[in-house]
Structures are given as structure tokens and as C-alpha cells.
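**Q** I'll drop the sequence and a predicted model, then ask my questions.
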Amino acid sequence: MTAIVGVIDDKYVWIGGDSASANDSTLCTAAQPKVFENNSGMIIGYTSSWRMGQLLQYKLDMGKLPHINVENVIEFMITDFVDSVRECFKGSGFSKVVDNEETGGDFIVGFRGSLFTIFEDFSVLSYSDGYTAVGSGVEFALGSLYTTRDGEGAKKRVELALGAASYHNPYVQGPFHILKQQRNK
């Protein structure tokens, strides 16, 4: 249904997403972006489900987060953040439980200068490459991000990755929405 791309440079965390709303037989342009900043100072880009994204944007309440050291951000994301997401999804009837395994969906989070991918099993990863992507256009986006790693600025890399995914995947289309967050937050 989409392509969501995240890139880190020296100053910012960038997350961009497309505007496709698609299934096996239709493709429409959504009015609401799949990339947003929440009330806790996180930028999030999502795929998998419009409902999931709506819950992350409007219902997930992390409140005002205490100061988290850069060294502890991954621990916070794996524990407190994922626990809050799971609680939000369960309380809103979004999570699925099959054979005692709970699932959600895939999304990217920029927080406190770091970039994370949260997968449908609620695992949390950050990457040494400084970029990531999720969605149906992931292979094209990652290929573009790899080939532009040494020559383009971060925003341009996000634009090119979304453009490559849109060109090659029938479930990805513009307009593209791109947000940035300062890394020293």
C-alpha cells in the first residue's frame, strides 16, 4: 500500500511517505499524510493500515516524555514505547492475536536523533546505514537509498527513494510528504 522512507544526516532525521491508498483492484490518492509528528515529539511514517496510523497519530499518548539519554533511546523504544503502542492498539481493537501471537503493523519512528523501524511483531530495529524503508515499495526505496548514500543530501535521498518506489510499484504514488526533526532534540 505504500512506501515510507527514513534517513539520518548530521543535523536531521527525515521521514517521507507517499499518498497511495490501494488494494488489489483500486488506487486512490489519500488526503491525509502517512507521516506526522505526534504530541511526544516523534515523527512517524506508517504503512500496513490506515487505522493503525490514525491510532498512532491521534490516540497513542506518550505524554511529555522525561529526558532520555541518547544511549537509552533504544531501550526506551523497545520497552516503554512498544508497551504503549501495544496497549493503544489492544484498547482500540486493532491488534490481532492468532495462535497466541499479537501483531500490529510496520512503521518508522524518528525520535531524539535516532531512526527506528517497528515491525508488525513489535520488534524494534535501528540500522548502522542511517536509512530504512517499509511498505510495498521497500525494495525499490532501499535500492535507491543505497545508491545515493555518498552523493546526495538526505532530503533528496528521501525524494529519490520515494520516486523510485512510485515508478516501479503500482501501490505507491505521490504526492510525497516529508518531515524532518533536529537530531539534537
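**A** That came through, no problem. Note that the structure is a prediction, hence the values are computed from the model and not measured.
**Q** how close does the most centrally placed residue in the chain sit to W14?
**A** With distances taken as CA atoms, centre = their mean, I108 lies nearest the centre of the chain, 2.2 Å away. I108 is 10 Å from W14, where distance means CB to CB, to the nearest Å. (Glycine included, C-beta is placed from N, CA and C.)
**Q** hey, what's in contact with both of these two?
**A** Each of G6 lies in contact with both I108 and W14 under the rule CB atoms under 8 Å, 6 or more residues apart in numbering.
**Q** could you show me where the helices are in this structure, in order?
**A** Per DSSP state H, the chain carries helices over the ranges 50-58, 73-76, 82-91, 138-147, 154-168.
**Q** Tell me which residues of stretch 16-30 come out buried.
**A** Buried residues in stretch 16-30, counted by 16 or more other CB atoms under 10 Å: 16-22, 30.
**Q** Could you do stretch 143-155 as well?
**A** Under 16+ other CB under 10 Å, the buried positions of stretch 143-155 are 144-145, 148, 152, 154.
**Q** Just put the residues you listed in TSV and tack on distance to K180 and pLDDT.
**A** Formatted as TSV, these follow (distance: CB to CB, whole Å; pLDDT from 0 to 100):
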residue	distance to K180	pLDDT
S144	18	98
L145	16	97
T148	17	96
E152	15	86
A154	8	96
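**Q** from the residues you listed, which single one is nearest F176?
**A** S144 (12.8 Å; CB to CB).
**Q** A154 versus the closest one, what's the distance?
**A** Applying CB to CB to S144 and A154 gives a distance of 13 Å.
**Q** cool, A164 as well?
**A** From A164 to A154 the distance is 16 Å (CB to CB).
**Q** again with Q182
**A** 13 Å.
**Q** what is in contact with these two at once?
**A** Joint contacts of Q182 and A154 (CB under 8 Å, 6+ apart) are Y12.
**Q** Please pull out the lowest mean pLDDT helix or strand from the chain.
**A** Ranking every helix and strand in the chain by mean pLDDT, DSSP states H and E puts strand 96-98 at the bottom, with a mean of 84.
**Q** Near the closest residue to A22 other than its chain neighbours, how many residues? Count them for me, please.
**A** In this structure, A22 finds its nearest non-sequential neighbour in Y171, 4.2 Å apart by CB to CB, 6 or more residues apart in numbering. When neighbours are defined as other CB atoms under 10 Å, Y171 has 20 of them.
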